[in-house]
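Engineer: Sequence and predicted structure are below.
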Amino acid sequence: MHLLKEIRNLMGNYFVKSGIYHYHRGELKQAAEFFRKALRDDATLTEGDRRTALYYLTETYVTSAERFEKKGDLESASRELARAAGVSPDYPDIRYRLGQVLEKLDRPDEAIEEYRRAVACNERYVAARTALAFALLRAGRDEEAAAAFSDVFELRVRLIREPYERGLQRLREGMKGEALEFLHEAFLKAPQRFQECYRGGLDRLKAEDHEKALELFDQAIALQPKYADLHNCRGIALAELGRIEEAIAAFRRSIAVNPDYTVARLNLAFALLRAAQFKEAEAQLEALVEQDPTQSAAAAKLEELRTGRPADARRLGRGSGR
């Protein structure tokens with residue numbers, strides 16, 4: 001849920017807005033406190049602000065864990081990842097990363113359980129399945145390890161065969177662009193390197209080093225072009241560099257990959273406003289508010305466009321925005 005700065009300033013709930021402010025300043029303790037306050041007062045939260053608070057609280061704990069891990073404080077890192085998993089229990093990457101830290105702490109049974117939870121969230125999660133198989137082997141659970149390695153092998157073959165066959169079919173049909181994407185997925189996908197580039201780009205984005213963020217996002221896209229949030233983040237970096245037409249194209253690409261990704265659509269609307277493309281921007285905002293009346297930032301900006309007066313995002317976030 002990576003948003004342009006002007007959108008973050010229009011969040012309806014004071015605690016959510018304050019939490020986001022501190023998160024982007026790297027003040028993680030304060031950020032977590034504000035997000036927890038927002039969620040404790042759940043009755044006054046719109047659904048949109050609640051989703052935002054949960055997302056950013058999860059990211060706050062994950063970022064905190066990364067800091068502790070870099071310092072070598074693995075106990076604190078495991079604690080923060082466990083908190084993140086408590087907020088977002090169906091987020092497989094958190095389970096996987098917690099398993100990695102638990103293995104380093106010589107807590108193999110707990111690590112194995114986290115890997116299993118990661119796989120339960122996403123059965124095609126190759127890294128988690130591979131880590132599970134090796135963890136079982138190191139723990140002396142040989143029969144379980146053999147079964148897990150068999151699962152990993154079958155999954156890896158399937159993840160190559162499926163896009164390979166689709167790519168060849170598109171090639172026969174003369175659809176070279178789609179064929180290239182499928183064949184790229186079959187033979188050039190590198191999940192570990194992708195994660196390094198993606199997470200590194202996010203770190204640079206938070207540090208407002210937009211040139212380096214863009215470089216890392218471009219490297220990640222070369223490895224995995226069908227990842228909606230990656231194109232969305234690339235759009236933010238481009239927008240902050242003043243390359244607004246390229247940013248608009250990146251947000252459109254994000255939406256093309258995932259038409260239901262409202263975050264990219266919200267960023268697109270505000271990028272269009274920066275480019276003075278008011279008619280399309282208003283249409284995008286109308287569609288967002290129609291789809292989700294609790295989109296306080298979209299409702300506030302739409303009201304401002306219609307009346308010429310700044311609107312109260314908190315008030316509009318509770319209604320339809322009409």
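Structural biologist: In hand now; what should we look at?
Engineer: burial of residue 180, as a residue count?
Structural biologist: For residue 180, the neighbour count with other C-beta atoms under 10 Å is 14. C-beta here means a position set from N, CA and C on the backbone, and glycine is covered the same way.
Engineer: got the contact list for the nearest residue to it once chain neighbours are set aside?
Structural biologist: Spatially, and ignoring its direct neighbours in sequence, residue 180 is nearest to residue 167 (7.6 Å; C-beta to C-beta, 6 or more residues apart in numbering). Residues near residue 167 by C-beta atoms under 8 Å, 6 or more residues apart in numbering: 178-183, 185-186.
Engineer: Tell me which of those fall in helices.
Structural biologist: Per DSSP state H, helices hold the following members of those: 178-183, 185-186.
Engineer: In PyMOL, select just the buried ones from those residues.
Structural biologist: Provided next is the PyMOL selection string for whichever of the ones in helices among the contacts of residue 167 are buried by 16 or more other C-beta atoms under 10 Å:
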select buried, resi 179+181+182+183+185+186
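Engineer: closest to residue 4 among the ones in helices among the contacts of residue 167?
Structural biologist: If you rank the ones in helices among the contacts of residue 167 by distance to residue 4 using C-beta to C-beta, residue 181 comes first, at 27.5 Å.
Engineer: My understanding was that that closest one contacts residue 222; is that so?
Structural biologist: No. Applying C-beta atoms under 8 Å, one finds residue 181 not in contact with residue 222, separated by 12.0 Å.
Engineer: Closest one of the ones in helices among the contacts of residue 167 to residue 124?
Structural biologist: Here the nearest of those to residue 124, counting by C-beta to C-beta, is residue 185; it sits at 12.4 Å.
Engineer: For that closest one, which non-adjacent residue is spatially closest?
Structural biologist: Using C-beta to C-beta, 6+ apart and skipping residues adjacent in sequence, the residue nearest residue 185 is residue 163, 4.1 Å away.
Engineer: Wait, that neighbour touches residue 186, no?
Structural biologist: Yes. The criterion here is C-beta under 8 Å, and residue 163 meets it with residue 186 at 4.2 Å.
Engineer: so how many other residues sit close to the closest residue in space to residue 228 that isn't next to it in sequence?
Structural biologist: Of all residues not flanking residue 228 in the chain, residue 258 sits nearest, at 3.8 Å (C-beta to C-beta, 6+ apart). A total of 17 residues lie near residue 258 under the criterion other C-beta under 10 Å.
Engineer: May I have the phi/psi pair for residue 258?
Structural biologist: The phi/psi pair for residue 258 (degrees, to the nearest 10) reads phi -140, psi 90.
Engineer: Please put the alpha-carbon coordinates of stretch 75-92 into CSV.
Structural biologist: Taking Å, rounded to 0.1, in the frame of the first residue of the first chain, the C-alpha atoms of stretch 75-92 are listed here in CSV:
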residue,chain,number,x,y,z
GLU,A,75,15.6,-12.5,19.6
SER,A,76,14.2,-9.0,19.1
ALA,A,77,13.9,-9.7,15.3
SER,A,78,11.9,-12.8,15.9
ARG,A,79,9.6,-11.0,18.4
GLU,A,80,8.9,-8.2,15.9
LEU,A,81,8.2,-10.7,13.1
ALA,A,82,5.9,-12.6,15.4
ARG,A,83,4.0,-9.4,16.0
ALA,A,84,3.8,-8.7,12.3
ALA,A,85,2.4,-12.3,11.8
GLY,A,86,-0.2,-11.6,14.5
VAL,A,87,-1.4,-8.6,12.6
SER,A,88,-1.3,-10.2,9.2
PRO,A,89,-1.5,-14.0,9.8
ASP,A,90,-2.0,-14.9,6.1
TYR,A,91,1.1,-13.0,4.9
PRO,A,92,3.4,-15.9,3.8
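Engineer: For that stretch, give me every contacting residue.
Structural biologist: By C-beta under 8 Å, 6+ apart, stretch 75-92 touches 54-55, 57-58, 61-62, 64-66, 68-69, 94-95, 97-98, 101-102, 105, 114, 117-119, 121-122, 125, 128.
Engineer: buried residues in it?
Structural biologist: Those would be 76-85, 87-88, 91-92, for stretch 75-92 by 16+ other C-beta under 10 Å.
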